[in-house]
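K.L.:
generate coordinates for the sequence data below:
(4 chains, ligands or ions: 5)
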Amino acid sequence: MEAIQESEYWRWPETVWVDESKNWKEAEVISCGIDLGSVSSQAVIMLDGELYAYSNLRTGSSSAASSEKALKSVLEKIGDMKMEDIHYIVGTGYGRVSIPFAQKTITEIACHGRGANYIYGPSVRTVLDMGGQDLKAIKIDNRGKVVNFLMNDKCAAGTGRGIEVVADLLSIPITEVGELSLKVYPDDEPEPVSTTCIVFGKSEILGLIRKGWPKERILAAFFRSVATRVVELLERVGVEPDFAITGGISKNPGVTVRVQDMLGIKALEPKFDPQLAGAVGAALFGRALYLKSKK
Amino acid sequence: MGKDVEKLPQIKQFREWFEKRHDYAKDWKKKNGGRVVGYYCTYCPEEILYAAGVLPVRILGSHEPESITRPYLHDMYCPFCHDTLAQGLQGRYDYLDGVTLAQSCLHMRQAYFSFADRVPNIEWSYYMPFPHGVNNPYAGEYTKAEFEKFKASVEEWTGTTITNKELDEAIEVYNKNRELMMKVFELRKAENPPITGLHAMEMVVSSQMVDKREHNEVLESFLEDLKDVEPNRETGTRLMLIGSEDDDRSFLEMIEYGINYPATFVYEENCTGARYFWDLVRPEEDRLMALAKRYVYRVPCPAKDWAVGKLFRRRFNHIESVIKEYNVQGAIIAQMKFCDPHELDIPSLRKLFDQHDVKHLTLELDITQPIGQFRTRVEAFLEAMAEEDLFF
Amino acid sequence: MIVAGIDVGSKFTKVVIVNDAKEILGYSNIRTGMDHHKTVEEALNEALKNANLKREDINKFVATGFGKISVPFADSEITQVVAAGKGAHFVWPTVRTVIEVGAEESRAVKVGDDGNIKDFALADKCAAGAGSFVDAMVRYLEVPLEEFGKISLEAKESVPMNAQCVIFAESEVVSLLHANYPKPEISRAIHDAIADRVASIARRVGIEDDVVLIGGLANDIGFVDSMKRELGTEVYVPDKIAPELVPALGAAIAEL
Amino acid sequence: MEVKVRPLDCWNDFKKYRERYYKNYLEAKDKGGIRWAGSAWAFDPVPHGLGEDVYSLTGEPYGATCAFFHDFSRECLENIERQGVARDLCGYMRNYWGSIVLDKYLLADGSTVSPFPKPDFNFTIHICCSHAKWYHFAAELEGGIPTYAVDISVGPGYMLDDKKIEYVVRQLRDAIPWMEKITGREYDDELLIKAVYAEADAMSTWAKICKLNQAQPAPLEEKSMFSLYVLNLINRGDPEVAKLYHKLYDEVESRVKRGIGALTYEQFRFLTDNPPPWAFLKVYRYLEKEYGAISLGAIYTFGLAGGWIGMDEKGEKWIWEPAPTPEEAGVEITNREEALRWTAEYNLRYRASWQHEYSHWIRKQETYQMVKDWKADAMIMHLNRGCELWNMSTLEVRDYLVKNGISVATYEGNMADPRDFDEARTFNVIDSFMQSLGIEKIS
Ligand SMILES: Nc1ncnc2c1ncn2[C@@H]1O[C@H](COP(=O)(O)OP(=O)(O)O)[C@@H](O)[C@H]1O
Ligand SMILES: Nc1ncnc2c1ncn2[C@@H]1O[C@H](COP(=O)(O)OP(=O)(O)O)[C@@H](O)[C@H]1O
Ligand code: SF4
Ligand code: SF4
Ligand code: SF4
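P.N.:
Ligands and ions are numbered 1, 2, ... in the order given. As a prediction, the model looks like this:
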């Protein structure tokens, strides 16, 4: 029997970007943050605490290689910067301990807090980070320092991976599932899938497919239950405005719209890709660490 | 030059007992020709067994993944119970002659019954009703009556008569053990405690595995040697561990030795820590009544700690005093997945910590620990209490 | 009489056509699409082509599998449990314990000498372990599916995984990767974890020889190896027919 | 075999009683009455001594009612989980707390009112790991309601002795002045005695009704029993409840005599064990309609509301015979002491559902004997994540039954958390089970 070719609906687009208007050679401190997540890896270069360039790639099977690839792609995009030109590199994310060239590692919780403060401004108090396998509700002060946080632990449901599984199951690209689910929102929203467990939920979704439900309704039911879980976590730390969302799922309106409506709070608009928050925070810490070492 | 605690022979001894618990019990049997009884739950009146020349050993898990318990124990029962039963089913406890349980949570009961039925060679098994209402004035008498029956059953099984003298001796040995361990704990109040939580855990768990007389000897010299110990690690954040059974070395090791930020446990308020040995037997003419009172009025397990008449939890008072005396800065609530008794206290416990300005982190334990996930949480937890200088 | 057994699985739809003499005339196996009716038609046509038959030649259609209601023309329906039991007993008459591991589900069926079902157990939730877990892992490890089983046999040690939940198991795999464990070791860890969960279902009905493994994952030699170790007994995979076709075959012969 | 069927005449009486019960609790204060809350297992006759206008709210039936109206239940569960309450805790308890936090009270018809009526006191027992702590936490949520829990963990009935009974009686004795103090009322021993008689009457009569279901065809199916057994869980100290059970007994007895069954076509008789998934009673309907399969009852419906002899003195065999009432036992209750002692002993000894958590051996015998006595073809077990007590030993029992030649199917679910139930999977289990036993669909 020949192998069956599978489309990969879970794949989301990779990007590498540089701010052409800036000249890195004029910068006093060049810092770099690398966020090696379970699903994605980002490398961010900052010049004196301002975003200059980044890469956002999928994490491969080797963490060292993935972090190198992330850094290499951003340096290539810049063109003439070398690794030695960077003053300080901070690693964060799930694979932070295996980034060979990081001078220090800091948890993604601290980095997302700090990053959100940069991306959304000092008024942010509550950060929701929705990533590949973790869901975090983080409370920060006006400097972006973590005051309190909670992470999902009982269940991996409602995470990026869970959404990828469902995208695959329904054969819809991950970048479209959110929008599609909003077709029936809010007036024709079906009951949430009864369980938040992705393993169990999967069989429920299969059941809905079999019953002939249209995809948008299935997605709506699924995202509704994801949103419920997210809100539960948020309310447990206590949501205080201003409220911001970071991480990959922030690009998924199927979740973000529902979460905001359920909370009755609007999330702040990001200045740029919130999936970068962790790496941005790491780079900012890198700058601080560099300056501290100079003192 | 002070001594390095890691190099103390007593630390090595505790660790060896901890790791080779089954070998110890088998050797003990060979040497003494006596019987070994496994017990579930810290409410078992070990003194009665000990007085009859029996070696009581605590039944604990091994923290290896398994699936052999699934035909007998439902998935929603706590991982500790699955783990202990798995040990039995895999033959690791085949040397036990008996097994007993002082009535405790439902999970443990089910594990106990399956263990007693399915582990070969067990000739004596005893389920001892024990009050859940330990905050109730009549619990002592009821317990005493149950201890009498327990004693009679042990006597019948071993063919001995347990005299008051033997009981007194057993009580003395056990009290001594408690006293010595409390003294060790006392030292942890210091600004730089001489031992870590890992050491403490190995000390307390090993005391549940070996003959207390032997353990006492080691404890005595340990206390002597500890005087000269010079702490050579940064104490960092002073942590308290709260929870049920937790004897997973990798977990404590990760927190105390494996994180970017220094931290040390100064107290373990759990079933394999202080809750096991805290509080002494106060001698009185009626020996069994004296024992009953110790077990009933010791710091209670959450399964038994609830209101009678007015609202209070005795355990919470104890936790409050630990916070003050040990200068606790952070608490790690390490709770077994599906453990109802503990889960039922957690929302109120969190409030208690907030009131005392103690930061807290809740982790859910399983048979084996997802150390990577835990590390991130613990690191972020400690990070939030430190790193002020990165924000300017 | 010619009977077609149609097994609409969550990932693959299989058709097996047999005659009175219980000979297999043809079969097919295609990916289950979103439109189940269409998938069924396609699978059936392919099997007919394979058997060199026309639709009119089929006297009876028997549906099974999670999507069995999507076969509107079926003359009868049987459950996956019975299909697995009957099919396995036919291809392996000395079987007593049938373990089926498909893409999303696993089940264990105990059969008597006569092939009758004596007991069965289905995977409970929070204990899921099946083919799609492998599919996801293959993606992380960046090795082809066929390779994935083979490399598992090269592992020198077993790394235990705390594998209650598939998603968390995934993140454990990711951390193993990040800790630079070699792929054979990780592959074996994954196979052991699935085997552990599947075995826990099988143990509910009691393991009795012969144990026969069917369903798509039975193609994975790494998994078969792990199952043998986990159960401590020989585990057979049918040789007459691809293991994932056994339930469709069981459905067909159930009506003969 | 086709049989005659007809609806139960006294069905409406039970329904009305239940509706009134929830209303009475709500409106108690308007009439100057007293409200208390606690487990369905609490010693219900004791608060009866405070007067005739004392109204209770028992938590488990209330939790089940919430679960039955699953939208409300979902709201409760989500709200309480946001407070940091773990999702695997007792399902009834989470619904109950959720209802407090939402400040909404559910009535028997599914309508809700605000605010949630707070009790004057909580009075409960402790047997599983949750009961006392349930009300302890509820009291905290409600801002400090006085709470009293009676520890009943004295072991199985056949091993009772005076010391154990005395332990429970002493706690009950103390409860009375405690209640007097809180309510400012004087306690009336006559009312207590009346309630104690009523309790034994109601529980023993329910057991007699259950026994009638041994008949073929069975006069009752379990789904209707759910509405009948519940009166013993909400207010068994009320003599009216016993009266209703006598009426029901007469009707069921006459059905048996006339060969009237609950199903038109009784092809398959089975038993269940745990509380059902209340939001999905369609499991039972499916079995009836598709397979002519009738659930004759469960150690749950029988054992929770009934007084039974239970384990024999040696602890070897379970006896499914109704427990004696004071009259049958030739006992006369004349004062507080005798009344407390009777109710303590009756419950500890004869309440079937208080026996099997002390050993899976007891539960194995209990279940096995039930299959035999009620002539059941099989067991369908609910692996109920909602209640750790009722789920205790289930898998050991399954193992035992299968080894003894009884067919068993299991499905996963939760009595009171609709999110833990997978419909498709459950129906698949049922179909597989029936097919493996060779039971054809009717239709
Ligand atoms: N363009 C996109 N549109 C929708 N979802 C996306 C997109 N990019 C990423 N995601 C979601 O974000 C998840 C990854 O989040 P991320 O924060 O990068 O994870 P981690 O940091 O844990 O690796 C993916 O699993 C996917 O669900
Ligand atoms: N050669 C192979 N090696 C490893 N796994 C395989 C192989 N072939 C199929 N599988 C696994 O089998 C699963 C499909 O099994 P199948 O029984 O056809 O599923 P279902 O009937 O549930 O749709 C896939 O998820 C895949 O992981
Ligand atoms: S962890 Fe909890 S549920 Fe488990 S045995 Fe201990 S008290 Fe019981
Ligand atoms: S198996 Fe399901 S319920 Fe269990 S942790 Fe995983 S996603 Fe959650
Ligand atoms: S867990 Fe079960 S026995 Fe315990 S309070 Fe809940 S319903 Fe009652």
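K.L.:
quick check: domain ranges of chain C?
P.N.:
The record's domain parsing of chain C by automatic domain parsing lists C:1-80+C:244-256, C:93-237.
K.L.:
and of those, who's closest to B:Pro129?
P.N.:
Evaluated with C-beta to C-beta, the domains of chain C place domain C:93-237 nearest to B:Pro129, the distance being 31.2 Å. C-betas here are computed from N, CA, C, even on glycine.
K.L.:
hmm, that closest one in reach of ligand 1?
P.N.:
No - using C-beta under 6 Å from any ligand atom, no contact is recorded between domain C:93-237 and ligand 1, whose separation bottoms out at 9.1 Å.
K.L.:
confidence score at the residue of the stretch 51-200 of chain B found nearest chain D?
P.N.:
Of all residues in the stretch 51-200 of chain B, the one sitting closest to chain D is B:Gly133 (2.9 Å; C-beta to the nearest C-beta). Listed pLDDT for B:Gly133 reads 90.
K.L.:
quick one: the residue lying closest to it once chain neighbours are set aside and D:Lys133, what's the gap?
P.N.:
With sequence-adjacent residues excluded and distances taken as C-beta to C-beta, 6 or more residues apart in numbering or on different chains, B:Gly133 is closest to D:Asp151, at 2.9 Å. D:Asp151 sits 12 Å away from D:Lys133, taking C-beta to C-beta, to the nearest Å as the criterion.
K.L.:
on that earlier part again, can you say which of the domains of chain C is nearest to chain B?
P.N.:
Checking the domains of chain C against chain B by C-beta to the nearest C-beta gives domain C:93-237 as the closest, at 3.5 Å.
K.L.:
next one: that closest one to chain centre, how far?
P.N.:
With C-alpha atoms, centre = their mean, to the nearest Å as the basis, the distance from the averaged C-alpha position of domain C:93-237 to the chain average is 11 Å.
K.L.:
do the same with stretch A:239-252
P.N.:
Worked out by C-alpha atoms, centre = their mean, stretch A:239-252 lies 9 Å from the chain centre.
K.L.:
one more: stretch A:111-121?
P.N.:
Computed by C-alpha atoms, centre = their mean, the chain-centroid distance of stretch A:111-121 equals 12 Å.
K.L.:
go on, stretch D:105-114?
P.N.:
The gap between the average C-alpha position of stretch D:105-114 and the chain average comes to 21 Å, counting by C-alpha atoms, centre = their mean.
K.L.:
once you drop chain neighbours, what's closest to the residue in chain B that ligand 5 sits nearest to?
P.N.:
Ligand 5 sits closest to B:Asp340 of chain B, with a gap of 7.3 Å, by C-beta to the nearest ligand atom. Computed as C-beta to C-beta, 6+ apart, the closest residue to B:Asp340 that is not its neighbour in sequence is D:Cys129, at 4.5 Å.
K.L.:
helix/strand/coil for that neighbour?
P.N.:
Local secondary structure at D:Cys129 is given as coil here, using DSSP: H, G, I helix; E, B strand; the rest coil.
K.L.:
residue contacts, it?
P.N.:
By C-beta atoms under 8 Å, 6 or more residues apart in numbering or on different chains, the contact set of D:Cys129 is B:Cys105, B:Leu106, B:His107, B:Ala303, B:Asp340, B:Pro341, B:Leu344, D:Glu388.
K.L.:
would you check how far apart it and chain A are?
P.N.:
D:Cys129 sits 19 Å away from chain A when distances are taken as C-beta to the nearest C-beta, to the nearest Å.
K.L.:
any idea how many residues pack against the residue nearest to B:Gly133?
P.N.:
A count of neighbours around D:Asp151, defined by other C-beta atoms under 10 Å in any protein chain shown, yields 25.
K.L.:
and it, what is it in contact with?
P.N.:
Contact criterion C-beta under 8 Å, 6+ apart gives B:Pro131, B:His132, B:Gly133, B:Asn136, B:Ala139, D:Ile125, D:His126, D:Ala132, D:Tyr167, D:Val168, D:Gln171 as the residues in contact with D:Asp151.
K.L.:
hmm, try it at 7 Å
P.N.:
Counting by C-beta atoms under 7 Å, 6 or more residues apart in numbering or on different chains, D:Asp151 makes contact with B:Pro131, B:His132, B:Gly133, B:Asn136, D:His126, D:Gln171.
K.L.:
the fifth one touches B:Gly133, doesn't it?
P.N.:
Just to be clear, that refers to D:His126. Yes - with contact defined as C-beta atoms under 7 Å, D:His126 and B:Gly133 form a contacting pair (6.4 Å).
K.L.:
for D:Met379, grab phi and psi.
P.N.:
Reported as degrees, to the nearest 10, the phi and psi values for D:Met379 are phi -120, psi 140.
K.L.:
what sits against the closest residue to C:Ser152 other than its chain neighbours?
P.N.:
With C-beta to C-beta, 6+ apart as the criterion, C:Ser152 has its nearest non-adjacent residue at 3.0 Å, and that residue is C:Gly222. With contacts taken as C-beta under 7 Å, 6+ apart, C:Gly222 has the following neighbours: C:Phe148, C:Gly149, C:Lys150, C:Ser152, C:Leu153, C:Ser187, C:Arg188, C:His191.
K.L.:
is it fair to say the third one lies in a helix?
P.N.:
This points to C:Lys150. Yes - going by three-state DSSP, the assignment for C:Lys150 places it inside a helix.
K.L.:
how far does stretch D:258-277 stretch from start to finish?
P.N.:
This stretch, stretch D:258-277, spans 33 Å end to end (C-alpha to C-alpha, to the nearest Å).
K.L.:
tell me where chain A has helices.
P.N.:
For chain A, the helices defined by DSSP state H cover A:63-78, A:108-120, A:160-170, A:174-181, A:198-210, A:215-237, A:253-263, A:277-294.
K.L.:
what's the closest of the ones you listed to ligand 1?
P.N.:
helix A:160-170 (2.5 Å).
K.L.:
do the closest one and ligand 1 meet?
P.N.:
Yes - contact check for helix A:160-170 against ligand 1, using C-beta under 6 Å from any ligand atom: residues in range are A:Gly160, A:Arg161, A:Ile163, A:Glu164.
K.L.:
what residue lies at the spatial centre of chain D?
P.N.:
In chain D, the C-alpha nearest the mean C-alpha coordinate belongs to D:Leu304, at 4.2 Å (C-alpha atoms, centre = their mean).
K.L.:
please, which helix or strand holds that residue?
P.N.:
Following DSSP states H and E, the helix or strand that holds D:Leu304 is helix D:299-305.
K.L.:
so what touches that helix?
P.N.:
Helix D:299-305 is contacted by residues D:203, D:206, D:210, D:222, D:225-226, D:229, D:232-233, D:273-275, D:352-353, D:366-367, D:370, D:390 when judged by C-beta under 7 Å, 6+ apart.
K.L.:
hmm, 6 Å instead?
P.N.:
Contact partners of helix D:299-305, identified using C-beta atoms under 6 Å, 6 or more residues apart in numbering or on different chains, comprise D:Trp206, D:Cys210, D:Met225, D:Tyr229, D:Asn232, D:Asp273, D:Asn274, D:Pro275, D:Ala352, D:Ser353, D:Glu366.
K.L.:
give me the nearest residue to the second one, chain neighbours excluded.
P.N.:
Using C-beta to C-beta, 6+ apart and skipping residues adjacent in sequence, the residue nearest D:Cys210 is D:Phe302, 4.7 Å away.
K.L.:
where's the one you found relative to D:Gly259, distance?
P.N.:
When distance is defined by C-beta to C-beta, D:Phe302 is 23 Å away from D:Gly259.
K.L.:
neighbours around the residue nearest to D:Arg82 when sequence neighbours are not counted, how many?
P.N.:
Using C-beta to C-beta, 6+ apart and skipping the chain neighbours, the partner closest in space to D:Arg82 is A:Glu235 (4.0 Å). For A:Glu235, the count of nearby residues is 19 (other C-beta under 10 Å).
K.L.:
residues near residue 143, how many?
P.N.:
Defaulting to chain A. Here the number of neighbours of A:Arg143 (other C-beta under 10 Å) works out to 13.
K.L.:
look at chain C instead
P.N.:
Taking other C-beta under 10 Å as the criterion, the count of residues near C:Val143 is 19.
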